[in-house]
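>>> generate a structure from the sequence data that follows.
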Amino acid sequence: MTHKASRIRRHRLTKIVATLGPASSSPETVRALFEAGVDCFRLNFSHGTHEDHAERLRIIRELEAEAGHPIAVMADLQGPKLRVATFANGPIDLEAGQSFRLDLSREPGDTTRVGLPHPEIFAALVPDTDLLLDDGRVRLRVVSCSPEHADTVVVSGNRLSDRKGVNVPGVTLPLSPLTEKDRADLAFALNLGVDWVALSFVQRAEDVAEGRKLVAGRAALMTKLEKPQAMAHLDQIIELSDGIMVARGDLGVELPPEDVPILQKRMIREARTAGKPVIVATQMLESMVGSPAPTRAEASDVATAVYDGADAVMLSAESASGAYPVEAVSMMDRIATRVEHDPLYRTLIDARHPDPNQTAADAITAAARQVAHTIQAAAIVTYTTSGSTTLRATRERPEVPILCLTSHIETARRLQLAYGVHSVQTADVTNFAEMVQKATQIAYADGLALEGQRLVITAGVPFGTPGNTNILRIAWVEGA
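Numbering: from 1, shown residues only. The predicted structure follows:
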């Protein structure tokens with residue numbers, strides 16, 4: 001199988017995820033986003049029809065074939081959406097100190113009560129619990145409650161209208177993260193052939209196990225950390241996940257704003273230690289929904305995620321429904337590239353470097369990073385079947401790209417989300433000489449290495465054995 005040289009060579013190690021939506025669904029815009037720097041496209045199943053998502057995936061796969069470069073696609077499931085019901089006479093105004101009841105009644109609401117059609121919330125409430133409505137714009141405190149209602153006092157008032165969201169901070173709700181809609185969306189997404197599935201509303205490790213059982217290995221599982229309750233089980237959640245997403249928007253509703261940056265750093269650190277890809281998401285360049293340039297604070301926010309060593313940074317509304325989707329991706333690309341060229345960046349990445357596990361595979365991979373640094377290699381090459389060899393290499397956060405060679409297109413696509421990885425699908429090798437020849441040819445053809453530069457190659461013998469990294473080889477690159 002002859003490798004078709006990829007036209008895409010990213011000059012940064014941090015990856016970019018962009019959400020497709022009404023502003024970015026034409027073949028021309030998807031292509032422009034990809035060429036501007038997108039490594040993974042997100043299909044948000046909270047919006048759009050199955051037909052919309054199928055068409056977007058078709059466009060991505062056509063582009064992938066044309067570019068000769070694997071592209072990751074993530075299906076993001078909506079999860080349970082807890083909302084109040086409707087009001088009889090339009091929006092109401094709630095004032096601090098007044099009483100307000102939530103109940104299971106189907107009657108339209110008024111200034112004294114409104115329906116909350118979620119018995120699982122009432123089952124979990126106790127007096128003095130706070131309820132946040134409309135992303136925290138209204139705060140209620142429970143005075144008394146039963147399985148059918150909650151009498152509350154308004155702590156912070158505001159206008160409240162139909163079907164606004166409800167958050168219950170500090171309470172683990174007896175809810176599956178997968179609604180009937182999510183199960184139907186998941187089955188559809190897996191049949192489409194998405195590479196990652198993002199699981200919303202995860203509160204405990206059992207939620208991830210439930211999602212993993214339904215996905216059944218047909219895609220990699222990305223756990224969204226958006227519920228504060230998940231923090232108590234972070235180690236187990238990361239262990240059961242293939243990757244995690246720091247979803248700061250929802251997390252910020254239920255937590256004080258000053259807690260979110262600290263948790264963001266903790267989640268990135270623990271995911272990196274576990275060798276699992278971590279995405280920082282939500283409101284990263286929010287002002288670019290309507291403006292061609294971000295605020296300085298937003299640029300700093302993206303830069304912070306890059307300095308912390310996140311695998312990827314993500315755009316939501318900016319690319320899905322904003323007026324400047326391509327500009328937002330270009331801006332993210334520019335910020336990440338600029339940060340990675342700052343000498344302080346490498347100092348910070350190396351300072352937070354996790355110790356290798358006490359295995360032969362980790363010893364080889366840690367050595368590959370050190371050798372690449374010492375001899376100033378152009379890239380590290382990993383041969384992988386399942387992807388574990390390459391993920392082990394990304395955990396080391398080397399300063400050069402990781403060329404991932406795999407015979408499995410699914411593996412190549414999934415790994416496009418991981419730090420520093422340039423994936424190539426190619427036929428399996430059968431011996432050392434072929435391994436070295438293929439690695440050098442592809443690195444040269446894809447622009448990762450020039451003639452006369454060196455590569456550090458890791459692989460497992462016997463070839464094709466998943467997770468069996470036991471060889472390190474240095475090779476010189478020859479021209480075409």
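
>>> mind showing which ranges of the stretch 151-300 of the chain have poor pLDDT?
Of all residues in the stretch 151-300 of the chain, none has pLDDT under 70.

>>> where do the strands sit along it?
With DSSP state E, counting those that start in this stretch, the ranges of strands along the stretch 151-300 of the chain come out as 159-160, 166-167, 196-199, 220-225, 243-247, 278-281.

>>> tell me what the first one is packed against?
What that stands for is strand 159-160. strand 92-93 (3 or more CB pairs under 8 Å, 6 or more residues apart in numbering; DSSP states H and E). C-betas here are computed from N, CA, C, even on glycine.

>>> show residues contacting the strand it packs on.
Gly109, Asp110, Thr111, Gly157, Asn158, Arg159, Leu160, Ser161 (CB atoms under 8 Å, 6 or more residues apart in numbering).

>>> filter those residues down to the buried ones.
The neighbour-count criterion (16 or more other CB atoms under 10 Å) marks Gly109, Gly157, Asn158, Leu160 among the contacts of strand 92-93 as buried.

>>> just the ones of the residues you listed in helices?
Residues from the buried ones among the contacts of strand 92-93 lying in helices, with DSSP state H as the criterion: none.

>>> with distance to Lys265 added, can I get those in CSV?
Putting the buried ones among the contacts of strand 92-93 into CSV (distance: CB to CB, whole Å) gives the following:
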residue, distance to Lys265
Gly109, 41
Gly157, 34
Asn158, 31
Leu160, 34
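
>>> which two among the contacts of strand 92-93 are spaced furthest apart?
Maximum pairwise distance among those (CB to CB): 16.6 Å, between Asp110 and Asn158.

>>> quick revisit: go through the buried ones among the contacts of strand 92-93 and name the one nearest Leu344.
Among these, and counting by CB to CB, the member closest to Leu344 is Asn158, at 42.3 Å.

>>> excluding its backbone neighbours, what's nearest that closest one?
Arg137 (4.5 Å; CB to CB, 6 or more residues apart in numbering).

>>> gap between that neighbour and Val253?
10 Å (CB to CB, to the nearest Å).

>>> check Val326 too.
Taking CB to CB, one finds Val326 at 30 Å from Val253.

>>> looking at the contacts of strand 92-93, which is nearest Glu396?
Using CB to CB, these come closest to Glu396 at Asn158, 48.8 Å.

>>> can I assume the closest one is in contact with Leu132?
No - using CB atoms under 8 Å, Asn158 is not in contact with Leu132, being 11.1 Å away.

>>> quick one: common contacting residues for these two?
Val138.

>>> and the biggest helix by length in the chain, what's buried?
Identified as the longest helix of the chain according to DSSP H is helix 50-67. Buried residues in helix 50-67, defined by neighbour count with 16+ other CB under 10 Å: Asp52, His53, Arg56, Leu57, Ile59, Ile60, Leu63, Glu64, Ala67.

>>> what ranges do the helices span in the stretch 51-200 of the chain?
Secondary structure of the stretch 51-200 of the chain (DSSP state H, counting those that start in this stretch): helices at 119-124, 180-192.

>>> out of those helices, nearest to Ala363?
helix 180-192 (36.5 Å).

>>> can I get that closest one in CSV, CA atoms only?
Below are the C-alpha coordinates for helix 180-192, written out as CSV (Å, rounded to 0.1, in the frame of the first residue of the first chain):
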residue,chain,number,x,y,z
GLU,A,180,-34.2,7.8,25.6
LYS,A,181,-33.2,10.5,23.2
ASP,A,182,-29.5,9.9,24.0
ARG,A,183,-29.8,6.2,23.4
ALA,A,184,-31.4,6.8,20.0
ASP,A,185,-28.8,9.4,19.2
LEU,A,186,-26.0,7.1,20.3
ALA,A,187,-27.2,4.2,18.2
PHE,A,188,-27.4,6.5,15.2
ALA,A,189,-24.0,8.1,15.8
LEU,A,190,-22.3,4.7,16.2
ASN,A,191,-23.9,3.4,12.9
LEU,A,192,-22.6,6.6,11.2
